[in-house]
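Novice: what's the 3D shape of this:
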Amino acid sequence: MAHYWVYLFRDEVVSGYYHRPEKIVELLREYQYQTAPLKSIYRKQIEFITEKISFSRLELGVNEHFSGQVEKNLERNMLVLKDEQTNEEALIIVQKRRLLLVCDSQALIDRFFQALAMVSPSFLAVDVHFRHHQWLTLAANERKFA
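Specialist: The predicted structure is shown next:
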């Protein structure tokens with residue numbers, strides 16, 4: 001089962017760190033494993049470079065760009081993506097400044113990442129162990145320009 005943290009970064013951070021996201025991932029890793037009192041310093045840094053994720057904006061974008069069924073659970077701030085053909089599901093838990101994606105299907109993960117890339121080019125996905133990361137960008141055949 002794959003688990004990813006997905007963060008939405010401010011545009012100026014993306015423009016400055018797009019070609020060196022490992023610096024951002026290092027900060028995220030340090031925050032995740034840090035203990036008090038340094039954790040609050042890392043949290044402030046992350047709040048400064050990330051955007052709050054609006055549940056309604058995310059839901060609208062995913063509904064518009066994801067080819068499959070999208071169910072929401074407002075009580076738990078969750079979205080469930082379903083592929084009708086394969087019956088596979090992905091669970092997205094929406095937190096204040098990040099998403100947690102849990103899914104068994106790499107194809108479904110890729111489709112969700114493509115939908116997020118259409119919502120904003122400033123999403124960065126990081127596996128929960130902070131070993132792998134990628135900016136969520138549109139596939140070449142999905143781009144609207146050149």
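
Novice: rest of the way, CA atoms for contacts and neighbours
Specialist: Fine.

Novice: partners of the residue nearest to residue 101 when sequence neighbours are not counted in the sheet?
Specialist: Ranked by CA to CA, 6 or more residues apart in numbering and with sequence neighbours excluded, the top spatial neighbour of residue 101 is residue 92, at 4.6 Å. Residue 92 has these beta-bridge partners by DSSP bridges: residue 79, residue 101.

Novice: Same question for stretch 74-88: list its buried residues.
Specialist: 78-83 (16 or more other CA atoms under 10 Å).

Novice: Make JSON lines from these and add distance to residue 129 and pLDDT to it.
Specialist: Converted to JSON lines, those look like this (distance: CA to CA, whole Å; pLDDT from 0 to 100):
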{"residue": "78", "distance to residue 129": "22", "pLDDT": "97"}
{"residue": "79", "distance to residue 129": "22", "pLDDT": "97"}
{"residue": "80", "distance to residue 129": "23", "pLDDT": "97"}
{"residue": "81", "distance to residue 129": "23", "pLDDT": "96"}
{"residue": "82", "distance to residue 129": "25", "pLDDT": "95"}
{"residue": "83", "distance to residue 129": "27", "pLDDT": "92"}
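
Novice: So, low pLDDT: which residues of the chain?
Specialist: Scanning the chain with the threshold set as pLDDT under 70 gives 139-146.

Novice: So which of the buried residues of stretch 74-88 is the closest to residue 36?
Specialist: For the buried residues of stretch 74-88, the minimum distance to residue 36 (CA to CA) is 28.6 Å, reached by residue 78.

Novice: so who does the closest one touch?
Specialist: Counting by CA atoms under 8 Å, 6 or more residues apart in numbering, residue 78 makes contact with 72, 91-94.

Novice: And for the residue lying closest to it once chain neighbours are set aside, the neighbour number?
Specialist: Setting aside the residues directly before and after it, residue 78 is nearest to residue 93 in space (CA to CA, 6+ apart), at 4.5 Å. Other residues within reach of residue 93 by the criterion other CA atoms under 10 Å amount to 18.

Novice: Let me see the backbone angles for the residue of the chain most remote from its centre.
Specialist: Largest separation from the mean C-alpha position in the chain: residue 37, at 27.0 Å (CA atoms, centre = their mean). Backbone torsions for residue 37, taken as degrees, to the nearest 10, come to phi -90, psi -10.
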